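Enquirer: A structural model of the following input is requested.
(chains A and B)
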There are 2 protein chains.
Amino acid sequence: MAPILQLFERKAYPKLVEDAATMRSIPIESLFVDQPDRSTTYSASAAGLTLDFSRQAVTDDILTHLVALATEAQLRDAFAALRQGSTVNATENRPALHTLLRSNSAPEGLPNEYAAVAETRRRMQDWSEHIRSGRHTGFSGQPITDVVNLGIGGSDLGPRLVNDALQVFDGKIDAHFVANVDPAALQDALLGLSPESTLFVVCSKSFGTEETITNARAARSWLLQAGAEASALGAHFLAITTDIQAAADMGIPEDHCLPLWDWVGGRYSLWSAIGLSCAISLGWHTFSELLAGAQQMDEHVEAAVPGQNLAVLMALLEVWNTNFLGADSHVVLPYCEGLGYLPEFLQQLTMESNGKRVDVLGRELKSDSAPMLWGAAGTMGQHSFHQLLHQGTRTFSADFILPLTTHTGMTEQHGRLVANCLAQSRAMTVGRTEQQCIDSLLARGAGEERAQALATHLAIPGNRPHSLITMDALTPRSLGALLALYEHRTYFSSLLWGINAFDQWGVELGKDISGSIYEVMQNTRPSVDLDTVTLKHIAAWRAANDRAKQQD
Amino acid sequence: MAPILQLFERKAYPKLVEDAATMRSIPIESLFVDQPDRSTTYSASAAGLTLDFSRQAVTDDILTHLVALATEAQLRDAFAALRQGSTVNATENRPALHTLLRSNSAPEGLPNEYAAVAETRRRMQDWSEHIRSGRHTGFSGQPITDVVNLGIGGSDLGPRLVNDALQVFDGKIDAHFVANVDPAALQDALLGLSPESTLFVVCSKSFGTEETITNARAARSWLLQAGAEASALGAHFLAITTDIQAAADMGIPEDHCLPLWDWVGGRYSLWSAIGLSCAISLGWHTFSELLAGAQQMDEHVEAAVPGQNLAVLMALLEVWNTNFLGADSHVVLPYCEGLGYLPEFLQQLTMESNGKRVDVLGRELKSDSAPMLWGAAGTMGQHSFHQLLHQGTRTFSADFILPLTTHTGMTEQHGRLVANCLAQSRAMTVGRTEQQCIDSLLARGAGEERAQALATHLAIPGNRPHSLITMDALTPRSLGALLALYEHRTYFSSLLWGINAFDQWGVELGKDISGSIYEVMQNTRPSVDLDTVTLKHIAAWRAANDRAKQQD
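Expert: Have a look, this model is predicted:
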């Protein structure tokens, strides 16, 4: 393995600091004067995706220095190490083998892991086909019409995104997703569903995730209240877990349990049995195409040189924008209704992976790690936060994501979506000068004085660095490739920052505290170690519930 | 009106800069040593909401200086001016009278505006009751079962949030929301709906919004294809617009048109006829309770002194965190499934209002305006981006929002949600030291060496400034109050920054460019003025569609 270095310790670092100082006075648009073909030369394609980074604040020199950074960090070797099962998750002493989940052959040294994956895939396919055929029945003999996925975080966001994006591909079983411990979440999802034909897929590696197990218990009650015998409940549950005994304790038979492994992180797990709800709702063919698209991206990322490697380029651009050009946040703008959940999925992928304050060796980071990631499907954001993107004081980078065709058959209307995406990308580059605003106002009949007064309000600086990621269409394959691309970009960024992308120690403390607060609320534990703020709100909670009870 | 000043021009500014320098070395938690009652003293309540800001990085001195800033900026007078119809939107020379929309009496000088609002409210109630009673029928004589709201930005986000939050309150008609011009949005929404019993509410002030009118045309086609006569289509449409002629041209009768006024901004419009879909889906009683809650907040904000005024306090805290303590972004964390759309709604409200780079006078801002706003309903974010909140390198402020009871009847399960919220707030304050991590690891049986090695990875700095906003329950009234509170906070922040919260010039450029790009794509305009990047992607779009056609 390469030595762990923080960004500022890299040889390429000082040059890039100089580059950034220079670029600060050069508008991106002006780079096109000498390089009119930037969108051809600053572009790379693989697995059905094209990355156009011509509107990033980069030049040939800067790219040379960035590629040197990638080479110095040995990203290529690190990717091979990831796929071969090296212990890339140092603090938890584990590999991170999400690439194995979509592989069609056993990497050297991993025959057992591969066999387990292949066997699980075969079982997923069996369950998918069994349920979709109508042969699997609920407690009253009805075939299954609805699947409810119970899971949170990685057991929710990936499947939710995939199901929403691909439901037009043979989605004959409806899938629903319940994550929140707020009982309203499950109640909303069950509204209108028939207990007799509803199947729950409980996704919890430990079978101890508070939200998921609480909801699974509530789902059991719902079935029992509908007249199911306790002994018949097994037919309504599948579980994705390592703890078969805990599942059995809840009446889920062993052959209804599919495994997970500790070498699959939650946010990298949609390719595993965690995808079972999708495999059921969308069919096995669609799910296997999703895996195939991801695998195609894996092959590209392993084989391509840094300057043509989509994941390497995107990681370099992330670090360039974040650590050298000072971007506060990264905005993801999919111009595609089906990718509405992509920003949320990527929030987990990038912010849970790389929202870290120490490097792999435990040393405090001297530069920023992951930026805030946010966004929304276009064109919605245009009527909302794009105001700030165009005219706010904040610095950001962005990815536009654009499928060029539509599955709806409404090509002309879809053309408007494409036009809007290209228009926003152009506006973020060229902006609008005060003089252009004055000319435009005068042309529309405004008086000279008003035109002068309004010009600074209308002017847009432009010069917002961003990439365009296009694909022919949103398909299972292109979606698989897109998600794998962001996975690998996230890993590569972590290597450039010197951090571990595969642990998440920061999420544990809240769980510990939540447990003790709940016990105090239930009067099963003394409140001596709690602070005044928490105690005050527990008292308010108790009083509000007393008032509510009196009103009933 | 008070003079327009930027933040740095305020008398209170230098003191606050000093305060911030001092606070940087004082952990929030340590403030509780001398002030154990902070959560009582740093707390204010109104209209059913309680704001606890004891975990913000403020002291009595700082609050004194912040209140001086509010007084200097004459926030109280400015609020009265807003309600009385002063021209608070200077660049468009208009008032912003969203408070009038929930008022029960005519402010002095606004009898005509009030009469129009009251008349529109009466018509909304009539339509709501008419449709809910089943007396209004579609082309085949069926009563209406589903309402589809066609609108984008302010014509979408507010109604979408309100409907989702309050659907348990007598939601007998299902409401659906379509915003995106992507044809998949409408197609998805119509899946499973019956044309005979579906009503469309077209929300577009100009009746020219590209997305909305394109979707309205597609909705017409859908009805015609289902066998409706063109002459019978009127029964399936209501329009919220100022352009009755344009609506008539689409076959919508005049008495199906409800008005909007140019003194209502899109992002402040859910209280107007833009809320009609909600008034239909939720019933008039629920909608009028929403208005009443907002009005109650209006009264509080007008009457309360700065130090007890929820909106003033929240604006001061926003400016304090953003401009003095350097927060990159603001995170909104509603611990309530029903408030899942709140972050999106607030993105528009705050980032479109205050994402500005010049002050009201057109001078470039010398300090930052609105931060990026993002977030998600808890507990979901805890399994995702909270990693970065606890252990990332970024600076942020946050609002936790917590209804203390649940409408589901599942009080015990809801208690877990409350415990999680309080636990996250506590963790963001107190964090966890390296020594605590070592002790905890040793107690769980880890070896000394491993405990030492892991400690820095587990440690959490805490000290993340945030507020807790609690309410007894999520009801029409508390929701109305909450949304009005954020509206007024947004306005007050704009006054502290010296900017206009009510224009949105930055969203216009994209529209202009999009029109010309679409014409080039349709070959109805020469492409001479387009850049190489746009042209390359238009060519790719054409090629992709050709390939798709050949495959069909």
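
Enquirer: so residue A:25: helix, strand or coil?
Expert: Here residue A:25 is recorded as coil under DSSP: H, G, I helix; E, B strand; the rest coil.

Enquirer: now swap in residue A:148 and tell me
Expert: The three-state label given to residue A:148 by three-state DSSP is strand.

Enquirer: quick check: beta-bridge partners of it?
Expert: Under DSSP bridges, the beta-bridge partners of residue A:148 are residue A:176, residue A:200.

Enquirer: so what's it up against?
Expert: Residues in contact with residue A:148 (Cβ atoms under 8 Å, 6 or more residues apart in numbering or on different chains) are A:175, A:176, A:177, A:178, A:189, A:190, A:193, A:198, A:199, A:200, A:201, A:219. (Each C-beta comes from the backbone N, C-alpha and C, glycine too.)

Enquirer: between the helix or strand where the fifth one lies and strand A:146-150, how big is the angle?
Expert: Element membership for residue A:189 (DSSP states H and E) is helix A:183-190. Here the directions of helix A:183-190 and strand A:146-150 differ by 160 degrees (axes from the mean of the first three to the mean of the last three Cα atoms, to 10 degrees).

Enquirer: contact partners of helix A:183-190?
Expert: Helix A:183-190 has contacts (Cβ under 8 Å, 6+ apart) with A:148, A:176-179, A:198, A:215, A:218-219, A:222, B:168, B:336-338, B:406-408, B:410, B:413-414.

Enquirer: out of the contacts of residue A:148, which are buried?
Expert: Among the contacts of residue A:148, those buried by neighbour count (16 or more other Cβ atoms under 10 Å in any protein chain shown) are A:175, A:176, A:177, A:178, A:189, A:190, A:198, A:199, A:200, A:201, A:219.

Enquirer: neighbours of the nearest residue to residue A:66 once chain neighbours are set aside, how many?
Expert: Closest residue to residue A:66 apart from its sequence neighbours, by Cβ to Cβ, 6 or more residues apart in numbering or on different chains: residue A:316 at 4.2 Å. A count of nearby residues for residue A:316, using other Cβ atoms under 10 Å in any protein chain shown, gives 30.

Enquirer: hang on, isn't residue A:316 packed against residue A:64?
Expert: No: contact status for residue A:316 versus residue A:64: not in contact, 11.2 Å apart, counting by Cβ atoms under 8 Å.

Enquirer: closest residue of the stretch 151-300 of chain A to chain B?
Expert: Proximity of the stretch 151-300 of chain A to chain B (Cβ to the nearest Cβ) peaks at residue A:153, 2.8 Å away.

Enquirer: which residues does residue A:276 contact?
Expert: Shown in contact with residue A:276 (Cβ under 8 Å, 6+ apart): A:124, A:127, A:128, A:201, A:203, A:238, A:240, A:258.

Enquirer: distance of the third one relative to chain B?
Expert: Note on residue A:128: its distance to chain B, by Cβ to the nearest Cβ, to the nearest Å, is 22 Å.

Enquirer: and that residue, that one's in a strand?
Expert: No: Residue A:128 is assigned helix when assessed by three-state DSSP, not a strand.

Enquirer: dump the residue contacts of it.
Expert: Applying Cβ under 8 Å, 6+ apart to residue A:128 gives the contacts A:276, A:279, A:280, A:283, A:284, A:287.

Enquirer: list the beta-bridge partners for residue A:374.
Expert: On the basis of DSSP bridges, residue A:374 is bridged to residue A:331.

Enquirer: with residue A:258 instead?
Expert: So, taking DSSP bridges as the rule, residue A:258 has residue A:240 as bridge partners.

Enquirer: which residues of the stretch 51-200 of chain A lie near chain B?
Expert: A:52, A:54-55, A:91, A:152-154, A:156-157, A:168, A:179-185, A:187-188 (Cβ under 8 Å from any Cβ of the partner chain).

Enquirer: can you get me a residue count around the nearest residue to residue A:473 once chain neighbours are set aside?
Expert: Distances taken as Cβ to Cβ, 6+ apart place residue A:405 nearest to residue A:473, at 4.7 Å, with adjacent residues excluded. When neighbours are counted by other Cβ under 10 Å, residue A:405 registers 21.

Enquirer: which residues in the stretch 401-550 of chain A form strands?
Expert: Counting by DSSP state E, counting those that start in this stretch, the stretch 401-550 of chain A has strands at residues A:466-471.

Enquirer: so where's it uncertain?
Expert: Counting by pLDDT under 70, the stretch 401-550 of chain A contains no low-confidence range.

Enquirer: spell out the residue ranges of the helices in it.
Expert: Assigned by DSSP state H, counting those that start in this stretch, the helices in the stretch 401-550 of chain A fall at A:411-430, A:434-443, A:448-458, A:476-497, A:508-521, A:532-551.
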